[in-house]
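In: Got a predicted structure plus its sequence, pasted below:
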Amino acid sequence: MLTTMIDRLKAAVAGFKGKKEMQTRGPSLAMLPGTFMASVTGGLTPARLESILRAADAGDIVGQHELFSEIEGRDEHIHAELSKRRRALLSVPWIIRPGRAGGKRADDVAASVREQVESIPDFEDAILDLADGIGHGFSCLEIEWSWGGERVPLALHHRPQPMFQLAPDFQTLRLRDMTPEGQELWPLGWIVHRHASMSGWFPRQGLFRVLAWTYLLKQYARGDFAEFLEIHGLPLRVGKYPSGTSEEDQGTLLRALQAIGHDAAGIIPEGMLIEFEEAARGSEKPFQAMHDICEKGQSKAILGSTLTTDTQGVGSQALGEIHNEVRLDILRSDARQIAGTLTRQLVWPMAYLNLGVTDPALMPVFEFDCNRPEDLEKLAKSLPALVDVMDIPASWAHQRTGIPMPEDGEPVLARKGGADTQPSGSEGQAQDGPEDRAGQDAKGKSGKAEATAALSAEGEDAARFPDQAAVDAAEVPEARLAALARDLLAPIIAEAEKSGPDVLLGRLAELYPRMDTTGLEELCARVLFVGEIWGRLSAQAEE
């Protein structure tokens, strides 16, 4: 597949040379951006909406995308929910990963392309513009290239979806130039992102295909509610006229009935009568119910849930967190699709044009880092037990915690050795000074138990308590300790080999009761027994 993409890239570069102007600035398209777009939502009915969508299925997508643009501009709820979904991508860091070939050459290519991408003005805005394809099904950015030195985009211009039409194959986008076939997009002149919010026919992949119907129903509910407010609380007015009244006088009476509800005044011919019946009754609840149902459906379609939008006064934080996980899954899907488009249509062309890369294995990849850092407290408790039984790459731990790897020569944090607290009544006690990291590592690798500082001391105190010094210096054979650790950690090791580190971290609390501590408890009991007996004998000898 990559080789095919390289061939296409070479062909695109061949057609790209010599075109210094943007395509939309050509004479046949100069008037297209300023074309007046008539309102298509005014007077929208189910029949008219159905006809617009059917026309799109038949290949005429202009009316559909004009409608979609107006829906977002007129419906504040849809606009807010789509903004949440699109702007969530701006909080995700992106990287340029080296190609699969690896090595210094791949790293250098990725670093160079990253510098070029970072030099693009307002690149984050371009990501937001590409996310516009979530609702429409596609989004197009026109590239304005620089022509001095490196070929780097000076700007990425978003072009509205109504500027495009479908080619006869119903899969390829073309610019509308007032001809039936349209104008083909220039190679390397565009970033065309197709976002599949739904699977299926190209015109049906946009999320607005779902939202259009709830938008229509909500507008009906709002309109009916506005009419209800006009007559709510007003009495029913009945006009009576004698038989034989002319049509002109009947019209006068009707106008008087209509005006009296607003003006509180009116005139009618003599002999006619206006009676006021009971005030109009009703409730706003049916209209509110329809409105809320539509907005909940829109939130589910856009964000996958409703609790991230409205908790309805209910304490549902835990359930909201679960729904937020669903939203994160949607974010990863959006990020993956946009990253693929940027890799093929921006990163690879820049690597080819500026670095001459033609080996598919050296082509860098644009990625969003959607991995969330693990709970540092849980990870800090789990890792010390795991490093004793398995080899864990430092890069994996840094990725899980979200802490970057230090650069060469960059200062890093280090633990400082604290002073041991001695009993206040003792004299001539020494405090341990700070230990350097090398000493801490050596101490950790030795596996020896720390001495009891409160009972052991230097100088004269060491000679006074030889029994304590002997207990502190005692060592348990490494083979014995290894056997105890193997029995203790057997359930964890088995789970790690079966499911891997990721699953293991979530099951540590469940595996804890199954750990066999019998051997370790027996060893500790023996040490305590020896220490107690030795202490008693020493006390008796001092009497």
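Out: Thanks, I have it. Numbers count the residues shown, from 1 in each chain.
In: Going by C-alpha atoms from here, please, whenever you check contacts or count neighbours.
Out: OK.
In: Could you give the backbone dihedrals for residue 413?
Out: phi -70, psi 150 (degrees, to the nearest 10).
In: Could you measure from it over to residue 383?
Out: Separation of residue 413 from residue 383 (CA to CA, to the nearest Å) stands at 18 Å.
In: and these two? which has more neighbours close in?
Out: residue 383 (13 against 5; other CA atoms under 10 Å).
In: My reading is that that one is in a helix; is that accurate?
Out: Yes - under DSSP: H, G, I helix; E, B strand; the rest coil, residue 383 sits within a helix.
In: who touches it in this structure?
Out: Contacts for residue 383 (CA atoms under 8 Å, 6 or more residues apart in numbering) come out as none.
In: So for it, what pLDDT did the model give?
Out: Residue 383 is assigned 81 on the pLDDT scale.
In: For residue 504, grab the count of nearby residues.
Out: Other residues lying near residue 504 total 21 when counted by other CA under 10 Å.
In: and the nearest residue to it once chain neighbours are set aside, helix, strand or coil?
Out: Distances taken as CA to CA, 6 or more residues apart in numbering place residue 496 nearest to residue 504, at 5.8 Å, with adjacent residues excluded. Reduced to three states with three-state DSSP, the structure at residue 496 is helix.
In: so how far is residue 302 from residue 496?
Out: Counting by CA to CA, the gap from residue 496 to residue 302 is 38 Å.
In: So between these two, which is more surrounded?
Out: More crowded of residue 496 and residue 302, by other CA under 10 Å: residue 302, with 25 against 18.
In: Looks to me like the more buried one is in a helix.
Out: Yes - using three-state DSSP, the assignment for residue 302 is a helix.
In: That one touches residue 82, doesn't it?
Out: Yes - using CA atoms under 8 Å, residue 302 makes contact with residue 82 at a distance of 6.5 Å.
In: Pull out the buried positions in stretch 485-496.
Out: 485, 486, 487, 488, 489, 490, 491, 492, 493, 495, 496 (16 or more other CA atoms under 10 Å).
In: looking at this, the third one is in a helix?
Out: Spelled out, that is residue 487. Yes - counting by three-state DSSP, residue 487 is located in a helix.
In: With adjacent residues omitted, what lies nearest to it?
Out: Using CA to CA, 6+ apart, the nearest residue to residue 487 is residue 516, at 6.0 Å.
In: Next up, phi/psi of the one you found, please.
Out: Backbone torsions of residue 516, given as degrees, to the nearest 10, read phi -90, psi 110.
In: In contact with it, which residues?
Out: With CA under 8 Å, 6+ apart, residue 516 has these contacts: 487, 488, 489.
In: how many neighbours does the nearest residue to residue 272 once chain neighbours are set aside have?
Out: In this structure, residue 272 finds its nearest non-sequential neighbour in residue 241, 4.6 Å apart by CA to CA, 6+ apart. Residues near residue 241, counting by other CA under 10 Å, number 17.
In: My guess is residue 241 contacts residue 251. True?
Out: No - taking contacts as CA under 8 Å, residue 241 lies outside contact range of residue 251: 11.0 Å.
In: joint contacts of these two?
Out: Common neighbours of residue 241 and residue 251 (CA under 8 Å, 6+ apart) do not exist.
In: and residue 523, how far is that from residue 530?
Out: Remark: distance between residue 523 and residue 530 (CA to CA) = 11 Å.
In: So, low pLDDT: which residues of the stretch 101-250 of the chain?
Out: Low-confidence segments of the stretch 101-250 of the chain (pLDDT under 70): 231-236.
In: quick revisit: for the contacts of residue 516, could you give me TSV that also reports pLDDT and distance to residue 45?
Out: What follows is those, written out as TSV (pLDDT from 0 to 100; distance: CA to CA, whole Å):
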residue	pLDDT	distance to residue 45
487	82	73
488	82	71
489	83	68
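In: Let's have those residues in a markdown table, adding distance to residue 290.
Out: As requested, the contacts of residue 516 are exported to a markdown table (distance: CA to CA, whole Å):
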| residue | distance to residue 290 |
| --- | --- |
| 487 | 63 |
| 488 | 61 |
| 489 | 58 |
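In: my hunch is that residue 139 is in a strand, does that hold up?
Out: Yes - when classified by three-state DSSP, residue 139 is found to be part of a strand.
In: Can you tell me the closest non-neighbouring residue to it?
Out: By the measure of CA to CA, 6+ apart, the closest residue to residue 139 outside its immediate chain neighbours is residue 133, 4.6 Å from it.
In: Any idea how many residues pack against the one you found?
Out: Close neighbours of residue 133, defined as other CA under 10 Å, add up to 25.
In: so what's it up against?
Out: Neighbours of residue 133 in contact, by CA under 8 Å, 6+ apart: 139, 193, 194, 195, 206.
In: Now, of the residues you listed, which are buried?
Out: Buried among these by 16+ other CA under 10 Å: 139, 193, 194, 195, 206.
In: neighbours around the residue nearest to residue 195 when sequence neighbours are not counted, how many?
Out: Excluding its sequence neighbours, the residue lying closest to residue 195 (CA to CA, 6+ apart) is residue 137, at 5.0 Å. The number of residues packed near residue 137 is 24, by other CA under 10 Å.
In: Hmm, residue 137 is touching residue 207, no?
Out: Yes - in this structure, residue 137 is within contact of residue 207 by CA under 8 Å, at 7.0 Å.
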